[in-house]
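Colleague: From the sequence below, what's the structure:
(chains A and B)
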Number of protein chains: 2
Amino acid sequence: MAIVPQFIVRFFVKDSELYKSLQALLGFVPGDESLYELALCHSSFKKDITENNERLEFLGDAILGSIIGEYLFHKYPTKAEGYLTDMRSKIVNRKSLNDIGKKIGLEELMSFNEKDHHLRHSPIFGNAFEALIGAIYLDKGYKKTKQFVHKRMLIPFIDIESLEEIEANIKNKLIGWASRESKELAFIDIDCQQVNGRKRFFVGVQIDGEVVGNGNAMTKKEASKLAAKNAIELLNI
Amino acid sequence: MAIVPQFIVRFFVKDSELYKSLQALLGFVPGDESLYELALCHSSFKKDITENNERLEFLGDAILGSIIGEYLFHKYPTKAEGYLTDMRSKIVNRKSLNDIGKKIGLEELMSFNEKDHHLRHSPIFGNAFEALIGAIYLDKGYKKTKQFVHKRMLIPFIDIESLEEIEANIKNKLIGWASRESKELAFIDIDCQQVNGRKRFFVGVQIDGEVVGNGNAMTKKEASKLAAKNAIELLNI
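Modeller: Next comes the predicted model:
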C-alpha cells in the first residue's frame, strides 16, 4: 500500500471546494483520498519521496503506457509495431501530457512552490497527470483507470487523425525549425561500425557547428531520425 | 479484436501434445486459443503482420512494463523513481526475457524458420514471451496476466536480491568485459554544449578505436554511463 503522508488533513476536507473539483475531474467518488493528495503534491512542496508525487508518477507512466498501447493495438489492427510505437510517443510525450494536465485544471489543484517561476516552464502538470493515473489505478483498479484515460484524455484532448498526419519524417520538423530560426543545421556521420556482425551508423545533429543530438541504428536514415528526435527533445522544439 | 490468421488449425488441435504443454505453461485453460497461436508465431514463419507475433509483442511489452512497475512500487515503498526505473530495466531487458522464454520452453512451442541459424542468437524467445503476455491480457484481462507474471516469471526466475546488488556502475561491467576479451576500451568526449541554457555532455565508447556506443546527459558521468549501457546492449554483452 502507498505510504500516507502526515499532512493529508491539510485541505482535502470533504465538501471543500478542492475536493469537489477533484471529484468533478475524476468523474467518481475517490475511495482513498490520500492517494490523490499525494498525486497532486510536487516535490517543491514536499521533498520527502514518500510525501510527493514522484513515485506515483513512475507507476502512472507505466499504466498509461499500457492503456494507450492497448488502445492503439485495437484501433490499428493491421499496423506494425513501429507504427504503434510512434503513435504512442506522439500521444504520450512530455509536452502533450503537460498541456492536458493544465487544461484539466491541475494547476489549481496542485501543491507546489509557487514562488519558483522556473517550475511553470517544466512539465510538472504532465507529471502530476501521470501521478493521478497511478493514484486512480491503486484506488480503483485497471478497468476504471482505462475508463478515466478514455473519457478524460483520449476523447477530449487527442485528435488521433491529426496525429496520424504529423510529418512521418521527423527530420523535416528540425529542418523547418532551423530555417525559421536561421540556424545552420547539419547531420554528421560520427562513425559506422560493425557491431555484432551488423553495420551500425552513428549520426550527430549539429546546430551552428555544435553537436546537439545523436543517435545510432542499423541504417543511416534511421540513425539520422533518432538523432533529430534526440535534438528536438533536448532543444525543447 | 485481434485478427485471427487462417492457419490456426495447424497444430493447436485440442489434446495435442503442444496444446497440453501450453496449458501446463499457462496454468489455466486458454479461452481464445488463436491468440496464443499468434503469440507463438515468429515473423520468419509468417511474414504478414496480422499473422505473426510482433503486434502482440508490442502490447505485451507495455502490459509487462506496468505489471513490473507496480510490483516494484509496492516492494520498495521508500525508493525514488530512478531506483524503480533502474530495477525495472534490470528485470525487463532483452537478455533476461529471452532466457526466461527459453527456460519456459517457448523454443519447442514456437513456429519459426528453423533453418535460419541467425535467429537462435536473436531474442525471439523473449519477444515471444512478451507476445504471450499480450495474448493472456487479451484473453483473460489484467488481473490474470498479473498472476501469470508473478507465478511464472517473478517467483521462479527473478532473484530480486541479487539484482539489487548488481554493480550500480555499469561502466565496470564494460571495463571488465574489455579486460577479459583483451580489447582496448576508451570513453571519448564527443562534445559538450549548452542546450537550452544547460550544459550537455556527449560521450562515446570506443572499442579498439571504433565507436560502439554513445550517450548524452547533463553530467559527464551520466553520459558515460548511458554510453556504456548503449554499448553493452549493442554488443550483446
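Colleague: so where do the strands sit in chain A?
Modeller: A:185-195, A:198-207, A:210-217 (DSSP state E).
Colleague: ok, which stretches of chain A are helices?
Modeller: A:17-26, A:33-39, A:54-75, A:81-91, A:94-103, A:106-109, A:124-140, A:142-149, A:155-157, A:160-165, A:170-180, A:220-235 (DSSP state H).
Colleague: any chance of those helices in a markdown table, with mean neighbour count too?
Modeller: C-beta: built from backbone N, CA, C; applies to glycine. Putting these into a markdown table (neighbours: other CB atoms under 10 Å in any protein chain shown) gives the following:
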| stretch | mean neighbour count |
| --- | --- |
| helix A:17-26 | 14 |
| helix A:33-39 | 24 |
| helix A:54-75 | 23 |
| helix A:81-91 | 17 |
| helix A:94-103 | 18 |
| helix A:106-109 | 18 |
| helix A:124-140 | 26 |
| helix A:142-149 | 18 |
| helix A:155-157 | 11 |
| helix A:160-165 | 10 |
| helix A:170-180 | 15 |
| helix A:220-235 | 20 |
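Colleague: Nearest to residue B:163, out of these?
Modeller: helix A:54-75 (17.1 Å; CB to CB).
Colleague: Now do that closest one: distance to the chain's middle.
Modeller: Distance of helix A:54-75 from the chain centroid (CA atoms, centre = their mean, to the nearest Å) equals 10 Å.
Colleague: again, but for stretch A:65-80
Modeller: Stretch A:65-80 sits 17 Å away from the centroid of its parent chain (CA atoms, centre = their mean).
Colleague: which residues of chain A score low on pLDDT?
Modeller: A:1-15, A:167-169, A:196-197 (pLDDT under 70).
Colleague: before we move on, the earlier item: okay if I get the strands of chain A as a markdown table plus mean neighbour count and distance to residue A:150?
Modeller: What follows is the strands of chain A, written out as a markdown table (neighbours: other CB atoms under 10 Å in any protein chain shown; distance: least, CB to CB, whole Å):
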| stretch | mean neighbour count | distance to residue A:150 |
| --- | --- | --- |
| strand A:185-195 | 16 | 39 |
| strand A:198-207 | 21 | 37 |
| strand A:210-217 | 22 | 33 |
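Colleague: export those strands to TSV and tack on distance to residue A:66?
Modeller: Listed next are the strands of chain A as TSV, based on distance: least, CB to CB, whole Å:
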stretch	distance to residue A:66
strand A:185-195	31
strand A:198-207	30
strand A:210-217	26
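Colleague: Let's have these in CSV, adding distance to chain B.
Modeller: Listed next are these as CSV, based on distance: least, CB to the nearest CB, whole Å:
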stretch, distance to chain B
strand A:185-195, 4
strand A:198-207, 6
strand A:210-217, 4
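Colleague: so which of the ones you listed gets nearest residue A:129?
Modeller: strand A:210-217 (26.7 Å).
Colleague: The closest one pairs with which strands, parallel or anti?
Modeller: Strand A:210-217 has the following strand partners under DSSP bridges: strand A:198-207 (antiparallel).
Colleague: Distance of the nearest residue to residue A:60 once chain neighbours are set aside relative to residue B:20?
Modeller: Distances taken as CB to CB, 6 or more residues apart in numbering or on different chains put residue A:134 closest to residue A:60, at 3.3 Å, once the chain neighbours are dropped. To residue B:20, residue A:134 is 40 Å away according to CB to CB, to the nearest Å.
Colleague: re the thing from before, nearest to residue A:96 among the strands of chain A would be which one?
Modeller: strand A:210-217 (20.2 Å).
Colleague: Name the surrounding residues that touch that closest one.
Modeller: A:188, A:190, A:200-206, A:222-235, B:190-191, B:193, B:195, B:200, B:202, B:213-214, B:216, B:230, B:234 (CB atoms under 8 Å, 6 or more residues apart in numbering or on different chains).
Colleague: redo that, cut-off 7 Å
Modeller: By CB atoms under 7 Å, 6 or more residues apart in numbering or on different chains, the residues outside strand A:210-217 that reach it are A:190, A:200-205, A:223, A:226-228, A:230-231, A:234-235, B:190-191, B:193, B:195, B:202, B:214, B:216.
Colleague: Write out the residues of chain A neighbouring chain B.
Modeller: Within chain A, the positions lying close to chain B (CB under 7 Å from any CB of the partner chain) are A:3, A:49-50, A:54-55, A:57-59, A:62-63, A:65-66, A:69-70, A:73, A:77-78, A:80-81, A:84-85, A:142, A:190-191, A:193, A:195-196, A:200, A:202, A:210-212, A:214, A:216, A:234-236.
Colleague: 6 Å instead?
Modeller: With CB under 6 Å from any CB of the partner chain as the criterion, chain A meets chain B at residues A:3, A:49-50, A:54, A:58-59, A:62-63, A:65-66, A:69, A:73, A:77-78, A:80-81, A:84, A:142, A:191, A:193, A:195-196, A:202, A:210-212, A:214, A:234, A:236.
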